[in-house]
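# using only what follows, build the 3D model:
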Amino acid sequence: MKLALLRVGPVDENLIRSIRSGLCKIFPETTCLILEDVMPMPKDAYDMARRQCYSSNILAKIEAEEYDADRVLAVTEADLYVPRLNFVFGEALCPGKAAVISLCRLRPEFYGESPNRALFVERSVKEAVHEVGHTFGLGHCHNSACVMFFSNSILDTDRKKLVFCERCGGLLEKSLRQIRSVQPC
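Numbers count the residues shown, from 1 in each chain. Model (predicted):
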C-alpha cells in the first residue's frame, strides 16, 4: 500500500518526516511518501466567523485530485471544524482514500504550556494513525487506550496509546489483506 502525505499550506518539514516515520512503524508494509507539492487551503474551506477551516471541504478537494497513492493524509496548521463540533483534530473518509489532520490544537503552546517537541510529535502521529485508520473503515473504539478512541479533547489524545487495540488491529489487518489481494503483482 502507498500512503502519501500532503501539506495543506506551510507545514514544518521535520514534523512531516516525523509523522511519516511514525506511520511507517504502525503500518510497516506501507510505502509512505511526502508529496513535494503543497496544496493551498481551499477558499471555500475557511469560515471567517469561526476563524477555522471546514475539514470536509479539504477532503473534497483531495478526493477530486489524482494522486499516485492508495491513501492521502493531508496535514495542515489550520484549525479545523465540522458542523456541530467546536473543532476536530482531523477527519477522514470512512472508508475512503483521504484524511486530514490539524496540528493547531496538538501543540502544547495552544493550551498555554511550554513547547514540547516530543509531545507534539507524539500527538501528531496518534492523530495521523487515527485518521488513516478511518480510511480503512475503522470506526471509533470504546477502548480509551486504543488509537481509534475518539479524542474529544487533548486529554483523550494524550491518554490513548499509539497502537490499535486487539479488535481494531484485527479489523485493520482484514482490510489490509483485502487490499493486498486485489492489487496487481
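
# which residues of the chain score low on pLDDT?
180, 182-185 (pLDDT under 70).

# can you do 90?
For the chain, the stretches flagged by pLDDT under 90 are 1, 28-29, 175-185.

# and Leu80, how many residues sit next to it?
Per other C-beta atoms under 10 Å, the neighbour tally for Leu80 reads 24. Bear in mind the C-beta positions are built from the backbone N, C-alpha and C, glycine included.

# any idea how far Asn143 is from it?
25 Å (C-beta to C-beta, to the nearest Å).

# please apply the same query to Val88.
Here the criterion is C-beta to C-beta. By it, Val88 lies 20 Å from Asn143.

# beta partners for Ile34?
In this entry, Ile34 is beta-bridged to Leu5, by DSSP bridges.

# residue contacts, it?
Ile34 sits next to Ala4, Leu5, Arg7, Ile16, Arg17, Arg20 when contact means C-beta atoms under 8 Å, 6 or more residues apart in numbering.

# show me what contacts the residue nearest the centre of the chain?
The chain has Ala128 as the residue nearest its centroid, 3.2 Å off, counting by C-alpha atoms, centre = their mean. Contacts for Ala128 (C-beta under 8 Å, 6+ apart) come out as Ile19, Gly22, Leu23, Leu73, Val75, Gly90, Ile101.

# if the fourth one is in a bridge, with which residues?
Applying DSSP bridges to Leu73 gives these bridge partners: Leu5, Ala99.

# now the strands for the chain?
2-8, 31-39, 46-47, 52-54, 71-76, 80-81, 90-92, 98-102 (DSSP state E).

# out of those, deepest packed?
strand 98-102 (a mean of 28; mean count of other C-beta atoms under 10 Å).

# in CSV: the contacts of Ile34, plus distance to Arg84.
Listed next are the contacts of Ile34 as CSV, based on distance: C-beta to C-beta, whole Å:
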residue, distance to Arg84
Ala4, 30
Leu5, 28
Arg7, 28
Ile16, 30
Arg17, 35
Arg20, 32
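
# farthest-apart pair in the residues you listed, please.
Ala4 and Arg17 (13.9 Å; C-beta to C-beta).

# Throw the strands of the chain into a markdown table and include distance to Glu65, thanks.
Shown next, in a markdown table, are the strands of the chain (distance: least, C-beta to C-beta, whole Å):
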| stretch | distance to Glu65 |
| --- | --- |
| strand 2-8 | 9 |
| strand 31-39 | 8 |
| strand 46-47 | 19 |
| strand 52-54 | 17 |
| strand 71-76 | 8 |
| strand 80-81 | 19 |
| strand 90-92 | 16 |
| strand 98-102 | 9 |
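
# so which of those is nearest Cys168?
strand 90-92 (14.3 Å).

# that closest one packs against which elements?
helix 55-64, strand 98-102, helix 117-135 (3 or more C-beta pairs under 8 Å, 6 or more residues apart in numbering; DSSP states H and E).

# and it, how far from the chain's centre?
Centre-to-centre, strand 90-92 and its host chain are 6 Å apart (C-alpha atoms, centre = their mean, to the nearest Å).
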